[in-house]
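**Q** can't give you the sequence, but here's the structure:
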């Protein structure tokens, strides 16, 4: 082999090694970002609980709150009608998800599991119950969690919750950007969902029709001492998202469906 050929092969090996190292670094950075996002959605929860408890003004009797009477979206289910169900009632497995539309870890979960959840709910094997909370608003200030949650409730009234839910996560702003606090942006995103945009939906968003319902859901989240978002519970058992995968989730649901 000529010296020129040897030098060429050596250079190629060096380029390949450099590219592999670059890919490893990128993957490590991606994992760090996901873990960091999860931590951000948990930080400050204890302090928030203390503040809310101090300002709660007494027991919740299920009626009016400081923001007015609780108006649950159409079809809301579960205790105090705090859950939005997706899927068939007869499904043998129920997945409960506590989430916040501003939470980057919630987006990571949705991006990873969306296709699997759609497949299982469409097949009648899984019912998902979504509980919407305002953890990031409380941690970082702003109102994007509340405004987006209310808009999602308005989408539920129109029978378009799942599609709008997905659109919100697909268009989630940076956590420090409270873009979802703007009703105009939420109404604009509704244009991505067939049949959602209407005067009724717009009024529902602008009026904050389901604000008190979202606030009551967040109080339940705190009362249950849940640690952060997303909290994902399958058939009563809280799942460890560090070890879960779409395939593992699918296997558990299908095993229960036998």
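**A** Looks like it came in fine. Being a predicted model, the structure only gives us computed values, none of them experimental.
**Q** Please name the nearest non-neighbouring residue to residue 150.
**A** residue 210 (4.7 Å; C-beta to C-beta, 6 or more residues apart in numbering). Glycine gets a C-beta too; all of them are placed from N, C-alpha and C.
**Q** nope, residue 257 is what I was after
**A** residue 125 (4.7 Å).
**Q** Would you confirm that that neighbour contacts residue 90?
**A** No - using C-beta atoms under 8 Å as the test, residue 125 is too far from residue 90 to be in contact (10.1 Å).
**Q** Between the two, which is the more surrounded one?
**A** residue 125 (18 against 7; other C-beta atoms under 10 Å).
**Q** pLDDT score for the more buried one?
**A** For residue 125, the pLDDT comes out at 97.
**Q** Would you enumerate the residues in contact with it?
**A** Counting by C-beta atoms under 8 Å, 6 or more residues apart in numbering, residue 125 makes contact with 91, 92, 93, 253, 254, 257.
**Q** Can you tell me what sits against the helix or strand that contains residue 106?
**A** Using DSSP states H and E, residue 106 sits in helix 104-122. Residues outside helix 104-122 that contact it (C-beta under 8 Å, 6+ apart): 34, 37-38, 40-41, 86-88, 91, 93, 95, 97, 99-100, 126-128, 162, 166, 169, 172, 175, 228-230, 232, 241, 246, 249-250, 253.
**Q** Buried residues, it. List them.
**A** Burial within helix 104-122, assessed by neighbour count using 16 or more other C-beta atoms under 10 Å, is assigned to 104-110, 112-114, 116-118, 120-121.
**Q** quick one, what contacts the closest residue to residue 193 other than its chain neighbours?
**A** Once flanking residues are discounted, residue 193 sits nearest to residue 163: 4.5 Å by C-beta to C-beta, 6+ apart. Residue 163 is in contact with 155, 193, 194, 196, counting by C-beta under 8 Å, 6+ apart.
**Q** which of those residues has the most neighbours?
**A** residue 155 (27 neighbours).
**Q** Does that one belong to a helix, a strand or coil?
**A** With DSSP: H, G, I helix; E, B strand; the rest coil as the basis, residue 155 sits in helix.
**Q** Go ahead and confirm it touches residue 148.
**A** No - at 10.3 Å, residue 155 does not count as touching residue 148 under the criterion of C-beta under 8 Å.
**Q** what ranges do the helices span in the protein?
**A** Counting by DSSP state H, the chain has helices at residues 3-40, 45-55, 104-122, 135-140, 144-157, 161-170, 183-190, 199-207, 211-223, 246-256.
**Q** any idea of the angle the third one forms with helix 161-170?
**A** Just to be clear, that refers to helix 104-122. 150 degrees (axes from the mean of the first three to the mean of the last three C-alpha atoms, to 10 degrees).
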